[in-house]
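**Student:** Need coordinates for the below:
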Amino acid sequence: MTAIKHALQRDIFTPNDERLLGIVNVCKAGKKKKNCFLCATVTTERPVQVKVVKVKKSDKGDFYKRQQMWELRDLTVVDAKDASKENPEFDLHFEKVYKWLASSTAEKNSFISCIWKLNQRYLRKKLEFVNVSSQLLEESVPSGESQSVAGGDEDALEEYQELSTREEQDIESMMEMCEFAVSNAEAFAEKLFKELQVLDGANIQSIMASEKQVNILMQLLDEALAEVDTIEGKLSSYEEMLQSVKDQMDQISQSNRLIQISNTNNGKLLDEIQFLVNYMDLSKGHIRALQEGDLTSPRGIEACISASEALLQCMNVALRPGHEQLAAVNQQQKLFAELRDTFARRLTNHLNNVFVHQGHDQSSTLSQNTAELSLPKHSPLHRDLLRYAKLMEWLKNTHREKYEGLSRTYVDYMNRLYEREIKDFFEVAKIKMAGTSKEAKGKFATLPRKESALKQETESLHGSSGKLTGSTSSLNKLTVQGSNSRRSQSSSLLDMGNMSASDLDVADRTKFDKIFEQVLSELEPLCLAEQDFISKFFKLQQHQTVLPPLAQPETEEVDGSVPSRVPPQADHRHSVSSEKDLVRLMMNKIFQSIEPELNSLIALGDKIDSFHSLYMLVKMSHHVWTAENVDPASFLSTTLGNVLVTVKRNFDKCISGQIKQMEEVKISKKSKVGILPFVTRFEEFAELAETIFRNAERRGDLDKAYVKLIRAVFMNVEKVASESQKTPRDVVMMENFHHIFSTLSRLKISCLDAERREAKHKYTDHLQSYVINSLGQPLEKLNHFFEGVEARVAQGVREEEVSYQLAFNKQELRKVIKEYPGKEVKKGLDNLYKKVDKHLCEEESLLQVVWHSMQDEFIRQYKHFEGLIGRCYPGSGITMEFTIQDMLEYFSSIAQSH
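**Tutor:** This is a model prediction of the structure:
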């Protein structure tokens, strides 16, 4: 280690003007052992800097290099892990904790001792040594402490005084007068003692000779004492006079202090009075406005708002300790409470009357909108009521019970009003959906309704506490409620449910789409306007936690007022965590009829035409997406989202219904199959869906439906083809898959690219199969002959030796060829054309395609037969009795003749 220390000092620290004082060989604890050295160094220049340097041996050589460096002043804790046992581990806490494992405990202790000494000598900072033996620290006590230990001896030495120069000269002259001063110290001391006695005697005699002077001195002392007594008497009289003055000054000071205290108290009293007058005094104008202010005129409302704000400020003033005991303060608080209750009662009664009055005016205009598909606008009502928004905020802060009562009253009344409007609106929408003809309108208008339901609706609309129960139901429900004598009047509407999609043209569906869009477009601004009004009127914009009016808490602590007691309501036990939830809760109660009415309208549209679910899915998805972009948790987005679930369910039902129709299809056993009905319906569905879902948000739902439908179409086409008796299986597969391929190619539905290729493959395969199977009929014997030739060749017979086989010699070949002259071949092809014509349907126009494929196949067989003749019967001169040109003329003439 000494050699390493010298090497490190020479190579690393000396060039940097540093001295190496401590070193320890370490590696990082808990990791792969890579040894390095921790060095404690100080700079040779002042101010001295103390550092801890991590030195690592280079991987490429034997030299060392610095890897990391820390200032000792940044060190906060040295943790030796264990003070009682030998443990080579220790931690150094710099900006983070570094864990080290020393090569030995002795090296670790030596390094920690060095750190202690350097800190005590150069830094003297508060460095915490944890789990370090006290003996280790005692051994390294700095030099300053050892100097303090020897301080007692130094104090003793400081008492010794060195002789002055004159004293040294006197001693030397005295010792020269006595020769034996050095040789006989005792004799020299005896001589000095005798001389000292002589001097003492002379001193005593001198003192006795001066007795007269002493007596004179004593007499002077006595006179001085008498003079002192005189002065003391005068001082006593002066002290008595000063004491009298002091008493008078104390009295004056006490009087001044009492005057100052009185002035201070008067100032504080004035401040308190000014505070109470400024903050607890309500002007007569404000009192008059609260008691009898006009709540109908804009000026009166403004005066009431100012007065209510002033009253709230007076009630919410933070009283100082002791103010509650003042009779005037109690009287003012009682006055404020009376004014608050009086104005709250006046405001509540007035707003209740406004709700009823405005509602009656609104209900009188309902008949004006019954003929048109539009909802009445409530903006005049909202505009009139918003003038009272600040008063509602005041009521919310001061009288929660009445605020909640007004909220319930508004919600209940608007619920009845909106339910009536929405019911009439949806009735008009259903009439327009059912048809614009006078007959349809008349039949729909005469749908029976029970007298009790009408009476119930009338009472609930004009009553104060009743609820509207006669909500609009579906057409089926209305029909069931009618008597048997009137059931025939609505039969035409019920029959609409049995109409197929083919009975309605595109114009009818477009008309339905416009009606449905208009319904949603009317409902959306209505809900948004009402929600915006509720937020502004009831001051529910903030997102702080409050107790909702509809939740009915038993007690409520109102700012600046005593707790008010609210009677519990069993009907409303909702826990609403924010004012945003409260708005949604009020909207749910006001517009509770929207969702069932929308579901009823959707059911009617789906019953008229199941394809209407496509229109409704696109429109409803768009409106839900728009509403969620504005506010995902709003009433509108929640309600439309719920209805969208119903629409999606109807859409899925429409797809399932089409698949079920495919599975239940029955074909005639006496007529040819042709294009299957469900293939045509799929084409109609795809064309309509592509038109409707262009740029729609719910394209993924349509793609999933496409996959389900096309799989069902494929499966059921194969099923019908297998069951077909009149038409060959290959023809059914070929025609229907050709139709499917044409449809998918024309519409370019990206999600069905794989199915389009599969349809083309099936169409091609079954076309080839049908051609091959059909062409075996005209040249049957020739086919059998050459199949036998190929079988012999396959068995190992050489091609040129086949003619020596008895059954396949040249005579047999000529005999078979003679049975198929050109005339017979043309006759057979003509019969084949007629047969193919009977098999194929006219819709697909595949006859010429099939006929051309047969021509190609026939020519291929002809060339194959000629090849076999040339290889197996070489030099025989045997040829077919018709040529390829003859065949082309046969096929062409047959196609033109038909």
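
**Student:** give me the number of residues near Thr764?
**Tutor:** Counted with other C-beta atoms under 10 Å, residues neighbouring Thr764 total 15. Heads up, the C-betas are built off the backbone N, CA and C, glycines and all.

**Student:** and if you look at Leu75?
**Tutor:** The number of residues packed near Leu75 is 19, by other C-beta under 10 Å.

**Student:** Next: Glu801.
**Tutor:** Neighbours of Glu801 (other C-beta under 10 Å): 11.

**Student:** so what pLDDT did it get?
**Tutor:** Confidence at Glu801, expressed as pLDDT, is 81.

**Student:** Same question for Lys669.
**Tutor:** At Lys669, the pLDDT recorded in the model is 67.

**Student:** And the one 4 residues further on, by the same measure?
**Tutor:** The score at Val673 is 74. That number is its pLDDT.

**Student:** try Ser561
**Tutor:** Reading off the model, Ser561 has pLDDT 37.

**Student:** now swap in the one 5 residues further on and tell me
**Tutor:** At Val566 the predicted local confidence, pLDDT, stands at 39.

**Student:** One more: Glu139?
**Tutor:** Reported pLDDT for Glu139: 59.

**Student:** Ok, Gln456 next?
**Tutor:** pLDDT recorded at Gln456 is 38.

**Student:** go on, the one 4 residues further on?
**Tutor:** Here the pLDDT value assigned to Ser460 is 37.

**Student:** Ok, Ile252 next?
**Tutor:** At Ile252, the pLDDT value in this model is 91.

**Student:** same check, this time on Gln541
**Tutor:** So, for Gln541, pLDDT stands at 63.

**Student:** repeat for Ser610
**Tutor:** pLDDT, Ser610: 81.

**Student:** can you check Asn349 too?
**Tutor:** For Asn349, pLDDT reads 92.

**Student:** on contacts alone, who are the packing partners of the helix or strand harbouring it?
**Tutor:** Using DSSP states H and E, the element containing Asn349 is helix 327-363. Under the contact criterion of 3 or more C-beta pairs under 8 Å, 6 or more residues apart in numbering; DSSP states H and E, helix 327-363 touches helix 211-279, helix 284-292, helix 298-315, helix 379-385, helix 389-398, helix 400-434.

**Student:** Could you find the closest non-adjacent residue to Gly405?
**Tutor:** Thr348 (6.7 Å; C-beta to C-beta, 6 or more residues apart in numbering).

**Student:** Distance of that neighbour relative to Thr398?
**Tutor:** Note on Thr348: its distance to Thr398, by C-beta to C-beta, to the nearest Å, is 12 Å.

**Student:** Of these two, give the one with the bigger neighbour count.
**Tutor:** The neighbour count for Thr348 versus Thr398, taken as other C-beta under 10 Å, is higher for Thr398 (25 against 18).

**Student:** roughly how far out does whichever strand or helix holds Ile602 sit from the chain middle?
**Tutor:** If you go by DSSP H and E, Ile602 is part of helix 594-608. Relative to its chain's centre, helix 594-608 lies at 34 Å (C-alpha atoms, centre = their mean, to the nearest Å).

**Student:** Tell me the backbone dihedrals of the residue nearest the centre of the chain, please.
**Tutor:** For the chain, the residue nearest the mean C-alpha position is Pro632 (11.7 Å; C-alpha atoms, centre = their mean). Main-chain torsions, Pro632, degrees, to the nearest 10: phi -60, psi -20.

**Student:** got a pLDDT number for it?
**Tutor:** pLDDT at Pro632 comes out at 79.

**Student:** ok but Val53 is inside a helix, no?
**Tutor:** No - assessed with DSSP: H, G, I helix; E, B strand; the rest coil, Val53 is strand; it does not lie in a helix.

**Student:** hey, where'd the strands end up in the stretch 1-150 of the chain?
**Tutor:** Using DSSP state E, counting those that start in this stretch, the strands of the stretch 1-150 of the chain run over 18-28, 36-43, 50-57, 64-71, 77-79, 89-93, 97-102, 128-130.
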